[in-house]
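> sharing a sequence plus its predicted fold:
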Amino acid sequence: MIEDKEYVNSLGMRFMRIEPGSFVMGADHRALSMDVAVYKWRLNGDYDEHPRHRVRITKPYYMSANEVTNRVYEEFDPGHRRLRGKLGFSKEDDEAVVFVTWHDAMAFCTWLSQKDGLPYRLPTEAEWEYACRAGKYEPFQTGETLPEVFRKNAKESWYPNRTHGGSAEEEVVPLHVGKTPPNPWGLYDMHGNVEEWCLDWYGPYQAEDQVDPVGYEDGDFKVTRGGSHSTEIYYLRSANRMATLPDDSSWLIGFRVVIGEMPATRPLSKLPPPLNRQHIWHVRPTDVNRGPVSNQPYFTGPKHYVTIPPGSYGPLFSEHNHAPSIVECPNGDLLAVWFSCFRERGREMSLVASRLRYGQTEWEPASLFWDAPDRNMTSAVLWRDGDTIYIFGGLGVAATWGNMAIYMRCSDDSGATWSRATLIVPDHGAGEAFPIHPPIRCHDGTIVLPCDDGNQGGTKILRSRDGETWNEAPGRIAGIHAPVVQLADGQLLAFGRYRPGDPCPMPQSISADMGQTWAVTDSPFDPVYGGQRPTMIRLHEGPLFFASFARNMTITDASGAQRTVSGLFAALSYDEGKTWPVRRLVTDDGPGRWLQGEGWTGAFIMSHRYAEPKGYLASIQASDGLIHLITSGNHYVFNQAWLETAPPVVEGDGLL
């Protein structure tokens, strides 16, 4: 076995001997002397860097002084050379290799072990932080701050998104290794060249002292460490934790390796599931189809379903909860999922869920649904097909929604357990692309998944016949956030959000060739703007249901008199979208009072004239015929008979 302080292997890789020792792992509970205090969750580090705990490393190991380069990696995989320069990054021999998955990094270690007869592997997360700190307590190897020489495009990057991001000349930076000062133990680029894959499955820290920890026995995400170029300095700290799917790859992630036998420590057991996955009833209720008498109007709401304690800063955030989706589970429960964050473009975003158990009247407290640490997860949509629930979502390469891959997961037990994520669109370079509620299954069996397209503008659709192989239709729906339905004649109908300069306030798009091309005309509805998203579904009874926002819409009350209303409304079409004769404000027509929304909605007045002015909408019709409409914070329930009943006669202006 190697005993020297340094070792150079057969590929010319230099390794530094890391001696045993102990350190305190995690955040240091001190505000950094950077511009981070504006974001409250950052004051004491990220939530997943707590609790701090002492870790003891009992055996020496060798860590590569540099990240694995293109030259070294391509000794193992010559085919990787075709990825050099993808999106402009990592063209030269001595730049860090990128566009490698966790599986690729593990395969390289196996190959090199067989080649050299030494135990090469990825470092554990604890080994990585121990080596990065090199005896230092401060956030960086350089102390409280990170000098300019380490900073490479240190910001929230939208690249390669063309509508928000800078040019390649501004965004593409060199990834040469060993050009910055090493840490005290001779390791280069531990802060911010490329993220580095670690061995561990990601999971929360334990409070107890640990010896040679190896992470969890299973999980969804593999840890990455060190931060990267095109990332805020905050995320380059020694304690910062990132993770992503082991199948994921991007221009931000590479790896370095260690030489050393794997610690004999047993991995940590999986934790209990979150509340939204606990105590799930697996039997379909016998009365699940029995609702209110169908010809009797029924309305209730709004009921607030986003229940997060004030002052929550991870993984649930009380600041900003938005972009929901909803599904009826096979067991009759309602499940809602949305993103939670401090700011929409941030890395701190997580997916949160709440469940309304069958037969209950109150939503449960919100709980974590899924969280790829330090990855933006702007959108996720639920969809039920038979007895299977699917979720489609966006997985960012970093901050912002400008470079999303799209994943899919499914559940066959009403959301108690979920499959591992499959990347149905694995290329982050596709630009801003995230799913829109709801997917649909067409007459011929094709699944259609609407997705925003920030590079070309508007909404595109992904298509699949089997749920495994997906292709993108070339046409574009006018406007983002567009819900899609299939008409009786097989055509697709969609309504998009207004964009300044568009000729149609709310464009209506129709495709006769499954999204290959779209014909665009004006719709009869008011445009929607920032903070607003419409929804559209086909009801069991046949009509099309549409909900959106009106600025000044005229409705007729039960006396035949007309009044002007504004805010959230619902509409019905009996002729496949040609006309929408039924339109009604989504309100209980009560006296004016203040209510609270989420996302960009804030406080609003509800009355017989006013309803929620903003929100991202999602809707389903449950087995009992009731329509469930959720905004960015509120839940409304009504039936078709209520929509078709003229609102009552109410006097006054509807204000307080």
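It's in.
> pLDDT score assigned to the spatially closest residue to residue 542 that is not a sequence neighbour?
Among residues not flanking residue 542 along the chain, residue 574 sits closest, at 7.6 Å (Cβ to Cβ, 6 or more residues apart in numbering). For every residue, glycine as well, the C-beta is placed using N, CA and C. The per-residue pLDDT reported for residue 574 equals 98.
> could you look up the SS state of residue 595?
Following DSSP: H, G, I helix; E, B strand; the rest coil, we place residue 595 in the strand state.
> who's in contact with it?
302, 603, 604, 605, 606, 612, 634 (Cβ atoms under 8 Å, 6 or more residues apart in numbering).
> pull out the buried residues from the residues you listed.
Burial by neighbour count, judged by 16 or more other Cβ atoms under 10 Å, picks out 302, 604, 605, 606, 612, 634 from those.
> for the residue nearest to residue 542, what are its contacts?
Taking Cβ under 8 Å, 6+ apart as the test, what residue 574 contacts is 542, 543, 581.
> gap between it and residue 305?
31 Å (Cβ to Cβ, to the nearest Å).
> go on, residue 296?
Between residue 296 and residue 305 the distance is 25 Å, computed by Cβ to Cβ.
> settle it for me: which of the two has more neighbours?
Legend: neighbour count by other Cβ atoms under 10 Å for residue 296 and residue 305, higher for residue 305 (24 against 10).
> mind pulling up the pLDDT for that one?
Residue 305 is given a pLDDT of 97.
> give me every residue that touches it.
336, 354, 356, 363, 630, 633, 634, 635.
> for the helix or strand that contains the last one, name the packing helices and strands.
Following DSSP states H and E, the helix or strand that holds residue 635 is strand 634-638. Other helices and strands packing on strand 634-638, by 3 or more Cβ pairs under 8 Å, 6 or more residues apart in numbering; DSSP states H and E, are strand 299-304, strand 627-630.
> would you mind saying which of these lies nearest residue 403?
Closest to residue 403 of the helices and strands packed on strand 634-638, according to Cβ to Cβ: strand 627-630, at 28.0 Å.
> can I get the CA coordinates of the closest one in CSV?
Provided in CSV are the C-alpha atoms of strand 627-630 (Å, rounded to 0.1, in the frame of the first residue of the first chain):
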residue,chain,number,x,y,z
ILE,A,627,-64.8,20.2,-9.6
HIS,A,628,-61.8,21.1,-7.5
LEU,A,629,-60.1,24.3,-8.4
ILE,A,630,-57.0,25.4,-6.6
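> give me the distance between the residue nearest to the spatial centre of the chain and residue 322.
Centroid-nearest residue in the chain: residue 377, 1.7 Å away (criterion: Cα atoms, centre = their mean). Applying Cβ to Cβ, the value for residue 377 to residue 322 is 12 Å.
> what's the spacing between the closest residue to the residue nearest to the centre of the chain other than its chain neighbours and residue 93?
Distance criterion Cβ to Cβ, 6+ apart; nearest residue to residue 377, sequence neighbours excluded, is residue 349 at 5.1 Å. Distance of residue 349 to residue 93, given as Cβ to Cβ: 37 Å.
> who has more neighbours, those two?
Neighbour count, other Cβ under 10 Å: between residue 349 and residue 93, residue 349 has more, with 28 against 11.
> pretty sure that one sits against residue 341.
Yes. Between residue 349 and residue 341 there is a contact at 4.0 Å, judged by Cβ atoms under 8 Å.
> so what's the residue count around residue 445?
Residues near residue 445, counting by other Cβ under 10 Å: 9.
> next one, pLDDT for the residue nearest to the centre of the chain please.
For residue 377, pLDDT reads 95.
> roughly how far apart are it and residue 27?
22 Å.
> and the helices in the stretch 151-300 of the chain?
Under the criterion DSSP state H, counting those that start in this stretch, helices of the stretch 151-300 of the chain are mapped to 168-171.
> wasn't residue 310 part of a helix?
No. Under three-state DSSP, residue 310 falls outside any helix and is assigned coil.
> part of a helix, is residue 463?
No. Counting by three-state DSSP, residue 463 falls outside a helix, being strand.
> how much space between it and residue 518?
The value you get for residue 463 to residue 518, if Cβ to Cβ is used, is 14 Å.
> ok, residue 370 next?
32 Å.
> what ranges do the strands span in the stretch 351-500 of the chain?
For the stretch 351-500 of the chain, applying DSSP state E, counting those that start in this stretch gives strands covering 367-370, 380-385, 388-396, 404-411, 422-425, 440-441, 447-452, 459-464, 471-472, 484-486, 492-495.
> nearest spatial neighbour of the residue of the chain most remote from its centre, skipping sequence neighbours?
The outermost residue of the chain relative to its centre, with distances by Cα atoms, centre = their mean, is residue 559 at 47.8 Å. Distances taken as Cβ to Cβ, 6+ apart place residue 649 nearest to residue 559, at 4.8 Å, with adjacent residues excluded.
> I figured that neighbour was touching residue 561, is that so?
Yes. Residue 649 lies in contact with residue 561 (Cβ under 8 Å); the separation is 7.1 Å.
> the more surrounded of these two?
Remark: of residue 649 and residue 561, residue 649 carries more neighbours, 13 against 10, as counted by other Cβ under 10 Å.
> who's in contact with the more buried one?
When contacts are counted by Cβ under 8 Å, 6+ apart, residue 649 touches 557, 558, 559, 561.
> distance of it relative to residue 586?
Counting by Cβ to Cβ, the gap from residue 649 to residue 586 is 19 Å.
> domain-wise, how is this protein divided?
Using automatic domain parsing, the domain ranges for the chain come out as 6-259, 272-284+295-434.
> what about the first one, start to end distance?
Here the two ends of domain 6-259 are set 12 Å apart, with distance taken as Cα to Cα, to the nearest Å.
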